[in-house]
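Q: Structure of the sequence below:
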Amino acid sequence: MSKRFPLSLAALLLASCSNPPSTNELTAKYSAAPDAFENLKKMIVEDTVQKECFVVGLDNIGEYWLGGGEWTHRNDYETKLSLSEVLKSVGLTRERYGEYKVLFAKTGSERVRFCHASKFAPQRVMVLVYRAGLAVSGCSGEINWQQEAPPAPSGRHDEGDFSEITPLSNGWYLKYECT
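A: Okay, the predicted model is just below:
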C-alpha cells in the first residue's frame with residue numbers, strides 16, 4: 001500500500017492541472033459580470049479598514065482557514081471555530097459574508113483580497129477565479145485590479161509552465177500562471 005500512495009498522489013496532481021481553462025474562458029468571467037467585480041472591490045476595500053491586507057473567501061477569511069469542514073486560525077490548527085466565531089473575530093456580519101458569497105457566485109470566483117499600497121507595491125484587489133494543484137505545482141487565475149496601471153501584457157511558456165498578464169478594462173487584468 002505504501003508504494004501505491006506516491007503513485008496515486010502523482011496521478012492526482014497530474015490530473016488536477018492537466019486541462020486548465022483557456023485565457024479566454026477566464027477573461028469571460030470578467031466580461032460576464034464587470035459590475036460584480038467592481039462590487040467585490042468596493043466591499044473588500046471597505047472591510048479592510050486598518051489592516052494592511054484582508055481576504056474574504058469561501059475557505060479563507062482574514063487569518064482563518066476552512067479545512068475538513070472546520071475553521072482554524074493559521075497559527076492555531078488545534079482550536080476549531082464556527083463560522084460565526086470567525087466572522088465576529090474579523091468584524092464581518094453574517095449578512096455581509098452572504099453578500100460576498102452572492103458575488104463569488106456571480107463572478108465564478110472563490111476569494112477576494114485587498115492590500116493597501118506600500119513602498120513596494122501599488123494598492124490592489126485580487127479575485128481568485130481558478131486554482132488547481134498545489135501552491136508549488138499548480139495553476140491559478142486571478143482577475144486583479146490595481147490603482148496604478150496594470151502590468152504590461154506578457155506571456156511565457158516553458159515545458160508546461162506559463163505566466164500571462166491579459167489587460168481587461170478599468171484597471172482590471174487577468175494574471176494566469178501554471179508551474
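Q: What distance do you get for residue 121 to residue 107?
A: 23 Å (Cβ to Cβ, to the nearest Å). Using the backbone N, CA and C atoms, a C-beta is placed for each residue, glycine as well.
Q: Likewise for residue 94?
A: 21 Å.
Q: More neighbours: which of those two?
A: Taking other Cβ atoms under 10 Å, residue 94 and residue 107 do not tie; residue 107 has more neighbours (23 against 10).
Q: Quick check, the more buried one in contact with residue 34.
A: No: counting by Cβ atoms under 8 Å, residue 107 does not reach residue 34; the two are 9.4 Å apart.
Q: so where does the residue nearest to residue 94 when sequence neighbours are not counted fall, helix or strand?
A: Excluding its sequence neighbours, the residue lying closest to residue 94 (Cβ to Cβ, 6 or more residues apart in numbering) is residue 87, at 6.1 Å. Per DSSP states H and E, residue 87 falls inside helix 83-90.
Q: Tell me the buried residues in that helix?
A: Going by neighbour count (16 or more other Cβ atoms under 10 Å), the buried part of helix 83-90 is 86-87, 90.
Q: How about stretch 49-62?
A: Buried residues in stretch 49-62 (16+ other Cβ under 10 Å): 54-57, 60-62.
Q: So which residues of the protein form strands?
A: 53-57, 60-61, 64-67, 70-73, 76-81, 111-115, 124-134, 137-146, 154-158, 161-167, 172-178 (DSSP state E).
Q: looking at those, which is closest to residue 19?
A: For the strands of the chain, the distance to residue 19 is smallest for strand 124-134, at 9.0 Å, taking Cβ to Cβ.
Q: and residue 60, what does it touch?
A: By Cβ atoms under 8 Å, 6 or more residues apart in numbering, the residues touching residue 60 are 66, 111.
Q: Run the chain-centre distance for stretch 101-114.
A: Distance of stretch 101-114 from the chain centroid (Cα atoms, centre = their mean, to the nearest Å) equals 8 Å.
Q: ok, residue 44 touching residue 114?
A: Yes: at 4.2 Å, residue 44 counts as touching residue 114 under the criterion of Cβ under 8 Å.
Q: shared neighbours of the two, which are they?
A: Taking Cβ under 8 Å, 6+ apart as the contact rule, residue 44 and residue 114 both touch 54, 125.
Q: which stretches of the chain have low pLDDT?
A: Flagging of the chain using pLDDT under 70 yields the residue ranges 1-18, 135, 153, 155-160.
Q: coming back round to it: angle of the helix holding residue 87 against strand 76-81?
A: Orientation check (axes from the mean of the first three to the mean of the last three Cα atoms, to 10 degrees): helix 83-90 against strand 76-81 gives 110 degrees.
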